[in-house]
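Undergrad: Have a look at this prediction, sequence included:
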Amino acid sequence: MKEKLEQLKSRLSEELSAAADPQALESLRVRYLGKKGSITDLLKGMKALSNEEKKEFGQLVNTLKQQAAESIQKRAEELKELEIKKEIELMPEFDLTIPTKEERGSYHPITLVQRECERIFTTMGFNVEDYPEVVTDYECFEAVNVPKNHPARDMQDTYYLTNGELLKSQTSAAQNAILKKYGPALREKGMPIRAIFPGRCFRNEATDATHENTFFQMEGVMVDKDISISNLIYFMKTMLSEVFRRDIKVRLRPGFFPFVEPGFELDINCLICGGTGCPSCNHSGWLELCPCGMIHPEVLKEGGIDPEEYTGFAFGLGLTRLAMMKYGVKDIRDLNSGSLKVMSQFTDDK
Ligand code: FA5
């Protein structure tokens, strides 16, 4: 019987290597380990043996049974790997360098305008900051002097998460964090705070040619000793003349925002109609572009800056509207259309 066992062992090993697919392996398993399989037969044939022989032979057969099960499992894994390799070999090869006949994408006009503004402000010593889109009520409103139930909140209804956080309705939501981040360098080393923070904003409002529910703003702040409105006007003028590279008419009028005092609205003469009035400027000839003002003492205090010692300005540039004016996009909604055809006509910069 021992001889039979050895023969079975070597036959199993040969058949295992010959089993070329999962079906062949399964039929091999049934032939050896199934109810009527050869190894099971060996166990059945032990009836005729003496007790001593049964003990010795039983152990040998059980070891063989275990080894057979392990070898079959190992072969199954090998076959699976071979199958994956074959599938990979059959996959078509991609050559990413072959020129495509499809239309190529381009940078989005808002990205181009944002980069241009970042370049201009960094040359003037401003840091560019990134800030999350999901913020707390404190960051978006309370820290910038808009307490709960303040009427100014009506202008900025936004989207709330179930945990009470919200999608930021204005980039001013980052002001407090920026003041806290750069405050120590201002106090200890006399380094002015100069930062811009572009970002996506969200508002729950009806859309039209100049209003979207998702749009971009770029906030800017500067805080130091003796900062005045003249500094604010200088930076605004420099930025606009660099972005447009030509003379454009702007007007400054009083504006109310709880986080600045005094506050202004900086409007740009509509570049779509030249100021005669069209749907892109709500038929007024002017487009609200960049509200701004001197940072309210309460906002400075909340950011850890002493308003008796320091002053600063802040602005909230409408980046999406700036892109509209720069690239002559008549309807703001086109900028969110996601259409390559629409986007690529505004710029050929890649
Ligand atoms: C604000 O959001 C203030 N946080 C701006 C500010 C910052 C004032 C710092 C003073 C100091 P306002 O809601 O007006 O203000 O929005 C600012 C600019 O964002 C607008 O002038 C406009 O250009 C743009 N904007 C506002 N709402 C929309 C909208 N729905 N779609 C497109 N652009 C918008």
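TA: Right, received. Where do you want to start?

Undergrad: Now do Glu102, the pLDDT please.
TA: On pLDDT, Glu102 comes in at 69.

Undergrad: again but with Phe346, I slipped
TA: Phe346 is given a pLDDT of 67.

Undergrad: cool, and the one 4 residues further on?
TA: Per-residue confidence for Lys350 comes out at a pLDDT of 44.

Undergrad: same deal with Gly338?
TA: For Gly338, pLDDT reads 82.

Undergrad: That one in helix, strand or coil?
TA: Three-state call for Gly338 (DSSP: H, G, I helix; E, B strand; the rest coil): coil.

Undergrad: just checking, what packs against whatever helix or strand Ala185 lives in?
TA: Secondary structure from DSSP states H and E places Ala185 in helix 175-189. Contact analysis of helix 175-189 by 3 or more C-beta pairs under 8 Å, 6 or more residues apart in numbering; DSSP states H and E lists helix 137-140, strand 193-202, strand 214-224, helix 297-302 as its packing neighbours. Bear in mind the C-beta positions are built from the backbone N, C-alpha and C, glycine included.

Undergrad: On the C-terminal side of the helix or strand Phe57 falls within, identify the next helix or strand.
TA: According to DSSP H and E, Phe57 maps onto helix 51-90. Past helix 51-90, further along toward the C-terminus, the next helix or strand under DSSP H and E is helix 109-123.

Undergrad: What parts of the protein come near the ligand?
TA: Listed as neighbours of the ligand in the chain under the rule C-beta under 6 Å from any ligand atom: 170, 172, 203, 205, 211-212, 215, 217, 219, 257, 259-260, 263, 288-289, 291-293, 314-316, 318, 320-321, 332.

Undergrad: which ones are touching the residue in the chain positioned nearest to the ligand?
TA: Proximity of the chain to the ligand (C-beta to the nearest ligand atom) peaks at Gly318, 1.9 Å away. The neighbourhood of Gly318, defined by C-beta atoms under 8 Å, 6 or more residues apart in numbering, consists of 215-217, 288-290.

Undergrad: can you give me the helices for the stretch 201-350 of the chain?
TA: Using DSSP state H, counting those that start in this stretch, the helices of the stretch 201-350 of the chain run over residues 229-244, 297-302, 319-327, 340-344.

Undergrad: weakest of those by average pLDDT?
TA: helix 340-344 (a mean of 76).

Undergrad: could the helices and strands packed on helix 175-189 be laid out in CSV, adding mean neighbour count?
TA: Listed next are the helices and strands packed on helix 175-189 as CSV, based on neighbours: other C-beta atoms under 10 Å:
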stretch, mean neighbour count
helix 137-140, 19
strand 193-202, 22
strand 214-224, 22
helix 297-302, 19
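
Undergrad: Could you export those as CSV, including distance to Ala18?
TA: Listed next are the helices and strands packed on helix 175-189 as CSV, based on distance: least, C-beta to C-beta, whole Å:
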stretch, distance to Ala18
helix 137-140, 69
strand 193-202, 62
strand 214-224, 63
helix 297-302, 79
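
Undergrad: For Pro279, find the nearest of these.
TA: Minimum separation from Pro279 across the helices and strands packed on helix 175-189 (C-beta to C-beta) falls at strand 214-224, 17.2 Å.

Undergrad: so what secondary structure elements neighbour the closest one?
TA: By 3+ C-beta pairs under 8 Å, 6+ apart, strand 214-224 packs against helix 109-123, helix 175-189, strand 193-202, helix 229-244, strand 311-318, helix 319-327.

Undergrad: Between the helices of the stretch 201-350 of the chain, which one is closest to Phe126.
TA: Set against Phe126 and scored by C-beta to C-beta, those come closest in helix 229-244, at 8.8 Å.
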